[in-house]
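Asker: just a sequence and a predicted model for now, questions to come.
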Amino acid sequence: MTDQKPVHSAVLVKQVPDTHRITGDVMTKDGTMNRNALPAIFNPEDLNALEMALQVRDRCGGTVTAITMGPPKAANVLREALFRGADRVILLTDRKFAGADTLATSYALKCAVEKAGPFDLIFCGRQAIDGDTAQVGPQLAEKLGIPQITYAETIVEVSSSQIVAERALDSGSEIVRCKLPCLLTVVGSANTPRPASVRRRIERKLAAAPGEYAAIRAQWPEFESDEQLDAYLTAHDLKIAVWTAEDIGASEEQVGLAGSPTQVHKINFVVLESTESKTVPATPEGIAAMIQELVHEYIVG
Amino acid sequence: MTEQNSIWVFIEQTDGKIADVSLELTGKARELADQLGYEVVGLVMGRDVGPLAQQVIERGADRVLLADDPELADYRTLPYARVAIAEARARKPEIFLIGGTPNGRDLAPRVASALRCGLTADCTDLQIGEYTIRKENKTYPNLLYQIRPAFGGNLIATIVNPKTRPQMATVREGVMRLPAARPDRKGTIEKIVPAFEPGDFALEVLSRQVRHSTVQLKEAPVVVSGGAGVGSAEDFALLRDLANLLGGEVGASRAAVDAGMIGREHQVGQTGTTVRPRLYIAAGISGAIQHRAGMDESSKIIAINTDPNAPMFQIAHYKIVGDVAEVLPLIIKTLRERSMDQREQE
């Protein structure tokens, strides 16, 4: 019997500082960090996760809901998710979430997923480039009490009751079959994320969270009041839902700093110890002299 | 009787062979346990894995918890997590170390979430120390310092879990040194019986392909590594030539791997392989801390970079300011001429 029921997916995404672009400008002379010097981007593997969810929707029907937790400006990644094809987006933002480690983050996401769901599939990027921990996906799966498929690269088969997926591991690969609901963490080699469509971008250019209404109205003066804009956005599915800790029924002791067992004891700025070093001119003579020295020290045979 | 405080190590095995990282961590656990007067416990799971227990004891464990069950034959998240969570709940280890392998990174967060304890990924050092919470005017002694580069690698963070147990951390292979086996060491082997639930088998493995990596970075005497400054996948051929001439292996920075210039199995650094060769050549690698963490114990370092301020120069023994595409051919040419001279002399 073929199973033709639609599949509803949630994708957890994160806005991250573009740590790949760290340059000298980011570190100031007194050794502190200038975070503003780094652009905020859509975490790369979360785009692969979104693409995988959209491909499931292409195959099975259903919906894709993108959820992020972050400061109000994280609404930018949700707009991007809308432009690329997400049906619904939710921003979790609350000062109470600040300072969360992966455990507190996964708890807040669990509360949000349960409120927004039920979902058949949950997608996360394998890891975020600002921490590289790859912990939130499995922790969220545990909190939801569902199985996990980490390092997912290809979906071989999917229906509303089960999924067959290939996992890409350093040591090889694995094909697994899992009952739904389940959570997948998606690797960067999984796919090439579709770009935002021009049509969707035009149709959804007004998409905004309530905190952004003033900025939107400055640009589009035809909306005379927040209420008018709100009514328009609601009617056109363009309102970015904003949920607080209270909205998702999260216990205060389990979110943010309070809910984080890990604490930063200290941060050391990296002071490089200068090694005794020689500057070698990039000339045949310079190189030859260096190699001669290495031969003498039995470093080069 | 109160059970002795303990440091646990998850002993990962595939087809009856223990992963190097698990034995490396057993050695590190031994060091930390000797400082604290704790016991080292190895948690072995699998099918027909009884013979592995003594190997773990020889590397430093006092006790091995042995879960030998057909359902544990191959690694699967839920059955393995079930055993680890149940045992940790019952026996309350102070510290729980897990290798940062694909399976270890799949298991550790699942376990930490269930135990509601802190977990730090990819530590590059583990130490014991104290931590004071000023607001409480209280000092927590004998904590595990989980040390790792943070935020793009410009910082080194020391993370602690003052209030929750176990204190969990993952560490990549090669970061800690493999302790010598001591066949005379004795320890206790304790069998444990898993209590699975039907939901633990929601996922089944249909097929598995093991790829034995042909890249032998960890043991290579010479590593020639390229970074973003190499430019392209084609230009990595120069690094291969040089590595072949020197009897070494090709490494790479994460930037080069992410740009698709070379496979991930070549990556050196915190999230790749840690190497300690006698010669490390860093070609076009700026030298972020994550990269340096994986190579700064090399005996000699040659750095080549167009940017005279690249951090890599500060730990290099030989600094060459110049373009990789020009400098590498010079080195290759010099070495080739040398070996030809040698042949003529023979």
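Answerer: Looks like it came in fine. Residues are numbered from 1 along each chain as shown, chains lettered A, B, ... in the order given.
Asker: shaky segments in chain A?
Answerer: Along chain A, the model assigns pLDDT under 70 to residues A:1-3, A:20-37, A:270-275.
Asker: helices along that one, start to end?
Answerer: Read by DSSP state H, chain A holds these helices, from start to end of the chain: A:44-60, A:75-84, A:102-116, A:136-144, A:198-203, A:213-219, A:226-235, A:284-296.
Asker: for B:Leu206, find the nearest of these.
Answerer: Ranking those by their distance to B:Leu206 (criterion: Cβ to Cβ) puts helix A:44-60 first, at 19.1 Å. The way it works is simple: take the backbone N, C-alpha and C, and place the C-beta from them, glycine included.
Asker: and the closest one, what's buried?
Answerer: Within helix A:44-60, the residues scored as buried using 16 or more other Cβ atoms under 10 Å in any protein chain shown are A:44-57, A:60.
Asker: next: stretch A:255-266.
Answerer: When neighbours are counted by 16+ other Cβ under 10 Å, the buried residues of stretch A:255-266 are found to be A:Val255, A:Gly256, A:Gly259, A:Ser260, A:Pro261, A:Thr262, A:Gln263, A:His265.
Asker: now go through those and say which are in strands.
Answerer: A:Gln263, A:His265 (DSSP state E).
Asker: do a quick rundown of the strands in the stretch 201-346 of chain B.
Answerer: In the stretch 201-346 of chain B, strands defined by DSSP state E, counting those that start in this stretch lie at B:203-210, B:222-226, B:249-252, B:279-283, B:300-305, B:318-321, listed in chain order.
Asker: now the last one, how far from the centre of its chain.
Answerer: Okay, so that is strand B:318-321. 29 Å (Cα atoms, centre = their mean, to the nearest Å).
Asker: the fourth one now?
Answerer: Centroid separation for strand B:279-283 versus its chain: 21 Å, with Cα atoms, centre = their mean.
Asker: may I have the distance across stretch B:308-315, first residue to last?
Answerer: 13 Å (Cα to Cα, to the nearest Å).
Asker: that stretch near chain A at all?
Answerer: Yes - using Cβ under 8 Å from any Cβ of the partner chain, stretch B:308-315 comes into contact with chain A via B:Asn309, B:Pro311, B:Phe313, B:Gln314, B:Ile315.
Asker: quick one: contacts for the closest residue to B:Val205 other than its chain neighbours?
Answerer: Nearest non-adjacent residue to B:Val205, counting by Cβ to Cβ, 6 or more residues apart in numbering or on different chains: A:Val176, 5.4 Å away. Residues touching A:Val176, when contacts are defined by Cβ atoms under 8 Å, 6 or more residues apart in numbering or on different chains, comprise A:Ile149, A:Val164, A:Ala165, A:Glu166, A:Arg167, B:Leu203, B:Glu204, B:Val205, B:Leu206.
Asker: of the buried residues of stretch A:255-266, closest to A:Leu233?
Answerer: Comparing the buried residues of stretch A:255-266 against A:Leu233 with Cβ to Cβ picks out A:Val255 as the nearest, at 27.6 Å.
Asker: for that closest one, give its distance to A:Val11.
Answerer: Plainly put, A:Val255 is 21 Å away from A:Val11 if you go by Cβ to Cβ, to the nearest Å.
Asker: off-centre distance for the helix ranked longest in chain B?
Answerer: For chain B, the helix reaching the highest residue count under DSSP H is reported as helix B:324-345. Between the mean C-alpha location of helix B:324-345 and the chain-wide mean there is a distance of 35 Å, by Cα atoms, centre = their mean.
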